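> Fold the stuff below for me.
(one chain, ligands or ions: 3)
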Amino acid sequence: MKVLFLGSGTSTGVPVIGCDCAVCRSDNPRNKRLRASVLVSTETTSILVDSCPDLRQQALRYHLTTIDAVVYTHEHLDHTTGFDDMRAFCWRRSDRLPLYAGTSCLAHLRRMFAWAFSEQNTYQGYIRPDAHDHAGHPFVVGDIEVTPVRVLHATVETYGYVFRSGGCSFGYVPDIKELPAESFPLLCGLDVLAMDGLTTQEHHTHLSVRDNVALMQQLAPHRGFLTHCGHKVDYAEVSRLLPDFIAPAYDGLELQV
Ligand SMILES: [Zn+2]
Ligand SMILES: [Zn+2]
Ligand SMILES: [Zn+2]
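Ligands and ions are numbered 1, 2, ... in the order given. Okay, the predicted model is just below:
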């Protein structure tokens, strides 16, 4: 299984508009972060996680021309508003584009992009989603098994996901403040786990870097990554402080899981 980080940034991206802090002014390409999204793929299957507002730029940068499905973590705008750019992934297919989300996120997408979900939408080449409410239950896309993992984040229903193929596992949890006890076993002992590491200070809806490390130590993946990082996270500085098995993700990071 391959994982490509299309974006490793929080909702503002980094640099932040109008900010002249050291990270926003940094020359280090690893401090330039598009909004959070990953592509999980095997030889035969590719899954996009979230359609962030930078999707167009990400697709062009990483030569992404087709996907087999899109999976949503939650309805926040930094994870959904690139929806319209998925048109390009429909031009080369005759059937509908499989879309998986939890109940709340799917209701939000149906409201926000009503025309795409409408019965009247038969226009070939526009986004015609084949929508599935996974309601927290595992599902399969091609040769990838996908397990939703319920997490607590702000006030919206939010999921992380575990992707499994060929005996390997990748967990992706970009937005989380707390992991409920019943979700804990689902994220334990994975090969790779990428999880929210928004900032160096306490935050009311996200894990800080310190929170991330504490939770990673309990979950004990083989390798851990911080993602959904903001402009308080300087790549080099935070890298030095992290335990050996954890590193900050960065845009363009590609992992062979
Ligand atoms: Zn977010
Ligand atoms: Zn800044
Ligand atoms: Zn969010």
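> Now do the contacts for the residue most central in space within the chain.
Geometric centre of the chain, nearest residue: Ser37, 3.9 Å, by C-alpha atoms, centre = their mean. Residues near Ser37 by C-beta atoms under 8 Å, 6 or more residues apart in numbering: 5-7, 48-52, 54-55, 58, 79. Quick note: C-beta positions are derived from backbone N, CA and C, even for glycine.
> Quick check: phi and psi on the residue in the stretch 101-250 of the chain that ligand 1 sits nearest to?
Nearest residue of the stretch 101-250 of the chain to ligand 1, counting by C-beta to the ion: Asp175, 4.5 Å away. Backbone torsions of Asp175, given as degrees, to the nearest 10, read phi -130, psi 110.
> what does Ala220 give?
phi 50, psi 60.
> Report the secondary structure element holding the nearest residue to it once chain neighbours are set aside.
Excluding its sequence neighbours, the residue lying closest to Ala220 (C-beta to C-beta, 6 or more residues apart in numbering) is Gly189, at 5.8 Å. Under DSSP states H and E, no helix or strand contains Gly189.
> rewinding a little: the residue of the stretch 101-250 of the chain closest to ligand 1: how many residues sit nearby?
When neighbours are defined as other C-beta atoms under 10 Å, Asp175 has 29 of them.
> quick revisit: the residue nearest to Ala220 against Leu219, yeah?
Yes - using C-beta atoms under 8 Å as the test, Gly189 is close enough to Leu219 to be in contact (7.4 Å).
> how about stretch 151-164, does it reach ligand 1?
No - using C-beta under 5 Å from the ion, stretch 151-164 stays clear of ligand 1, coming no nearer than 8.2 Å.
> pLDDT averaged over that stretch - what is it?
Throughout stretch 151-164, pLDDT has a mean value of 97.
> Just the terminal-to-terminal distance for it.
Start and end residues of stretch 151-164 are separated by 19 Å (C-alpha to C-alpha, to the nearest Å).
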